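Undergrad: pasting the structure only:
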């Protein structure tokens, strides 16, 4: 797990994806809350309308796929939301019309169709939309002049020269600190070293309380 976290931290693409998930997490939790409420409402309606429907000798309806109890209804709706044989369940519920406990069999089709539309086509697409929007926001942040990776690197380098977190670093460390940072926060060069004279213009623009 720590290796995965280290990989996500150091590889920009993977870190970008995790950042998008983190940004969209509150919205995703809200959508999951709405999803649970909808499942709860449909489960209560299903138990009320189809709770006494017989399941013996049927192909799709059975001991684990029915609306005889709230827990069974929630499991049945979860299976329906994945699209697994929901049409078979709906047809067997509809064909039950006239038998004992099938007083509301005619409502099975509207019940199942509306649930599939809400759960599969609306809620899941909302989750996808939230993830895409979060990814777009993270992309916008990454494309800024000073992005999150730069700020993270700035923090890591600052801790080296200010381990106690005082908010200040000694003046004689300023040269090493600035040359350890990429532009625009610093003047790191890979091909040649930076002299103190070359750092003076950058230091002047910082308005540092030296």
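TA: The structure has been received and is ready for your questions. Computed from a predicted structure; not experimentally measured.
Undergrad: please make it C-alpha for all contacts and neighbour counts, starting now.
TA: Will do.
Undergrad: tell me the pLDDT of residue 191.
TA: You'll see residue 191 listed with a pLDDT of 44.
Undergrad: where do the helices of this protein begin and end?
TA: Taking DSSP state H as the test, the helices found in the chain are 2-10, 12-50, 70-81, 86-94, 108-116, 124-142, 148-161, 174-179, 196-206.
Undergrad: let's have these in CSV, adding mean pLDDT.
TA: Converted to CSV, these look like this (pLDDT from 0 to 100):
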stretch, mean pLDDT
helix 2-10, 60
helix 12-50, 84
helix 70-81, 92
helix 86-94, 89
helix 108-116, 92
helix 124-142, 78
helix 148-161, 79
helix 174-179, 76
helix 196-206, 66
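Undergrad: between these, which gets nearest to residue 56?
TA: Residue 56 sits nearest to helix 86-94 of all the helices of the chain, at 11.3 Å, using Cα to Cα.
Undergrad: to residue 59, which of the helices of the chain lies closest?
TA: Using Cα to Cα, the nearest of the helices of the chain to residue 59 is helix 86-94, at 8.2 Å.
Undergrad: and that closest one, what does it pack onto?
TA: Applying 3 or more Cα pairs under 8 Å, 6 or more residues apart in numbering; DSSP states H and E, one finds that helix 86-94 contacts helix 108-116.
Undergrad: helices or strands up against the helix it packs on?
TA: Packing partners of helix 108-116 (3+ Cα pairs under 8 Å, 6+ apart): helix 70-81, helix 86-94.
Undergrad: hang on, the earlier thing: mind checking which of the helices of the chain is nearest residue 63?
TA: Nearest of those (Cα to Cα): helix 70-81, 8.7 Å.
Undergrad: so which of the helices and strands packed on helix 108-116 gets nearest residue 129?
TA: Once the helices and strands packed on helix 108-116 are compared by Cα to Cα, helix 70-81 is nearest, at 18.3 Å.
Undergrad: can you put the helices and strands packed on helix 108-116 in TSV and add mean neighbour count and distance to residue 129?
TA: What follows is these, written out as TSV (neighbours: other Cα atoms under 10 Å; distance: least, Cα to Cα, whole Å):
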stretch	mean neighbour count	distance to residue 129
helix 70-81	19	18
helix 86-94	18	25
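Undergrad: can you lay out these as a markdown table showing distance to residue 109?
TA: A markdown table is the format used below for those (distance: least, Cα to Cα, whole Å):
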| stretch | distance to residue 109 |
| --- | --- |
| helix 70-81 | 13 |
| helix 86-94 | 6 |
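Undergrad: let me know which of the ones you listed is the nearest to residue 31.
TA: helix 70-81 (14.9 Å).
Undergrad: do you know how far the closest residue to residue 47 other than its chain neighbours is from residue 44?
TA: Distances taken as Cα to Cα, 6 or more residues apart in numbering place residue 67 nearest to residue 47, at 5.0 Å, with adjacent residues excluded. Using Cα to Cα, to the nearest Å, residue 67 is found at 9 Å from residue 44.
Undergrad: over to residue 30?
TA: Residue 30 is 21 Å from residue 44, by Cα to Cα.
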